[in-house]
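A.B. asks: Structure, please.
(one chain, ligands or ions: 1)
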Amino acid sequence: MSFTLPKLPYEYDSLEPFIDARTMQIHYEKHHQTYVDKLNAAVKGIKFENMEINEILKNIDDVPSSIKTAVINHGGGHSNHSLFWQILIPAAETQEKPEGIILEAIENHFESFEKFKEQFTNAAINRFGSGWAWLVVNQDLELEIISTANQDSPLMDNKTPILCLDIWEHAYYLKYQNKRADYISAWWNIISWKKVSELFDEVNNK
Ligand code: MN3
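C.D. replies: The predicted structure follows:
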């Protein structure tokens, strides 16, 4: 068995005008595919090639040191992008904010949805270099906003991501160039709060 690209749940141009089709195509077909290929090369012939990527990352200390960096970078890249595609929705279906239990949890923890949005945006803007911004559920089952460098996954820290934003330049440079803040502000229009809510329920019902 080997790792493969997950199917995108929409077309490349579905996220226009917030994320352009060309960026989506290159990001998915080239960048994500490369993480998958390099992950497959790293784990070829050993037991990890038959495990779920998220299980490998949660147990990263079990990975032999000779391939650990490759698994963190390319396995992280595979896992992070797989989640990223899932939490996006076509621009035509845009939802302003979440509802139900996840909204309550956000309001309880961050005071208001607006304050949550501001804090998440700051985490994304202030990440130096390449990385990700995340809304995670930590080991105490509390929400937390974090940012990680490179392709580091929160799963390696026992945190379960339920929302993520790719802030590598490859995610926005064609359309936004150096204007990371504009990309981040556009991204809020294409979040699948339904998916985020499902992921939140999964953690709470475990
Ligand atoms: Mn990326």
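
A.B. asks: can we go C-alpha only for contacts and neighbour counts from here?
C.D. replies: Fine.

A.B. asks: before we move on, which element is Cys164 in?
C.D. replies: Element membership of Cys164 [criterion: DSSP states H and E] is strand 160-166.

A.B. asks: Next SSE downstream of that strand?
C.D. replies: For strand 160-166, the following helix or strand on the C-terminal side (DSSP H and E) is helix 173-176.

A.B. asks: Which stretches in the protein count as strands?
C.D. replies: 131-137, 143-149, 160-166 (DSSP state E).

A.B. asks: Run the chain-centre distance for the second one.
C.D. replies: So that's strand 143-149. Averaging C-alpha positions (C-alpha atoms, centre = their mean, to the nearest Å) puts strand 143-149 11 Å from its chain's average.

A.B. asks: what angle separates it from strand 131-137?
C.D. replies: Per axes from the mean of the first three to the mean of the last three C-alpha atoms, to 10 degrees, the angle that strand 143-149 makes with strand 131-137 is 160 degrees.

A.B. asks: Please save the CA atoms from strand 143-149 in CSV.
C.D. replies: Output of strand 143-149 as CSV, limited to C-alpha atoms (Å, rounded to 0.1, in the frame of the first residue of the first chain):
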residue,chain,number,x,y,z
LEU,A,143,-9.7,25.0,21.9
GLU,A,144,-6.4,26.6,21.2
ILE,A,145,-4.9,28.7,18.3
ILE,A,146,-1.4,27.8,17.4
SER,A,147,1.0,28.2,14.5
THR,A,148,3.6,25.7,13.4
ALA,A,149,6.7,26.1,11.2
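
A.B. asks: now that strand: mean pLDDT?
C.D. replies: The pLDDT scores in strand 143-149 average 98.
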